[in-house]
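*Asks:* Coordinates for the following, if possible.
(one chain, ligands or ions: 2)
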Amino acid sequence: MIALPLNPAAFDAAIIDLDGTMVDTLGDFAQALGRMLDDLALPGIERTHIERMVGKGSEHLIKSVLHHVLAQAGQAPAAINTEAIYPQAWARYQHHYLAINGQYAQVYPGVPEGLHALRSAGLRLACLTNKPTAFALPLLRAKGLDGFFDQVFGGDAFERKKPDPLPLVKTCAALGSALARTLMVGDSSNDAQAARAAGCPVVLVTYGYNHGQPATDVDADGWVGSLALLA
Ligand SMILES: O=C(O)COP(=O)(O)O
Ligand SMILES: [Mg+2]
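*Replies:* Ligands and ions are numbered 1, 2, ... in the order given. Sure thing, here's the model as predicted:
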């Protein structure tokens, strides 16, 4: 377990997840996916289902949504082939997401305060998200959070995404910080598993998206209800 507030002498840097940790983006996902499904003449999907599918990047999200709506429309699950419509779905999703990015999303309470406190404690900060870098950068800018970060990496920045440890290893290298002295802060099992495998300490927020499971059920070193409680 990590004692909170953090002992700043124990850390050189922190890596912060984006969706579900800094920004509640479920509204953006719902809008962009709804418009995509409309373009494809497919039925809609409820937010509660979308929430469970977020966290493993856009390709996984779109394929999960397509699978869900086609199954709801009566296709036998074993016969569903999302590959054929994926390229068109991705193109429509990307178009709509970039058009609405941030408009249906809110920064969680305590986020600017928490990031400010971490920086004031001398930590270098990176944002590491599974969402594409081209979505992450304008979102951080729109929400006034971009200035906190030395580095921003999306799910397409490296060969593999969280829960693989590779993005954390590469982000620590970019920050010039040792893995054991870099805190991962996230909301899901993807963040925690990546941190464990990389050897980074990890704290999870209790309010984000964890595939429908409580974040407190995930193997981590601590939990907070607000980033403001970190430092
Ligand atoms: O786009 C996603 O699947 C979630 O991204 P995250 O890594 O910021 O939670
Ligand atoms: Mg997240």
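
*Asks:* Test my guess that Trp223 contacts Val202.
*Replies:* No. Contact between Trp223 and Val202 fails when scored by CB atoms under 8 Å: they sit 10.1 Å apart. C-betas here are computed from N, CA, C, even on glycine.

*Asks:* and these two? which has more neighbours close in?
*Replies:* Taking neighbours as other CB atoms under 10 Å, Trp223 and Val202 compare with Val202 leading, 23 against 17.

*Asks:* tell me the contacts of that one?
*Replies:* Val202 makes contacts with Leu183, Met184, Val185, Gly186, Asp191, Ala192, Ala195, Arg196, Ala220, Asp221, Gly222, as judged by CB atoms under 8 Å, 6 or more residues apart in numbering.

*Asks:* again with Thr133
*Replies:* Val152, Phe153, Gly154, Gly155, Asp156, Ala157 are the contacts of Thr133 under CB under 8 Å, 6+ apart.

*Asks:* now those in a markdown table, with neighbour count, pLDDT and distance to Gly34?
*Replies:* A markdown table is the format used below for the contacts of Thr133 (neighbours: other CB atoms under 10 Å; pLDDT from 0 to 100; distance: CB to CB, whole Å):
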| residue | neighbour count | pLDDT | distance to Gly34 |
| --- | --- | --- | --- |
| Val152 | 23 | 98 | 27 |
| Phe153 | 21 | 98 | 28 |
| Gly154 | 22 | 98 | 23 |
| Gly155 | 22 | 98 | 22 |
| Asp156 | 17 | 98 | 23 |
| Ala157 | 18 | 98 | 28 |
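
*Asks:* can you give me the helices for this structure?
*Replies:* 26-39, 47-53, 58-72, 86-100, 111-120, 133-142, 166-175, 189-198 (DSSP state H).

*Asks:* List the buried residues for the second one?
*Replies:* Using 16 or more other CB atoms under 10 Å as the burial criterion, the residues of helix 47-53 that qualify are His49, Ile50, Glu51, Met53.

*Asks:* What of stretch 183-201?
*Replies:* 183-196, 198, 200-201.

*Asks:* which bits of this protein sit near ligand 2?
*Replies:* Where the chain comes near ligand 2, counting by CB under 5 Å from the ion, the residues are Asp17, Asp19, Gly20, Asp187.

*Asks:* same for ligand 1: which of these are within range?
*Replies:* Restricting the residues of the chain next to ligand 2 to those within reach of ligand 1 (CB under 6 Å from any ligand atom) leaves Asp17, Asp19, Gly20.

*Asks:* Would you mind measuring from the second one to Ile50?
*Replies:* Counting by CB to CB, to the nearest Å, the gap from Asp19 to Ile50 is 11 Å.

*Asks:* quick one: which of the ones next to ligand 1 among the residues of the chain next to ligand 2 is nearest to ligand 1?
*Replies:* Using CB to the nearest ligand atom, Asp19 is the member of these that lies nearest ligand 1, at 3.6 Å.
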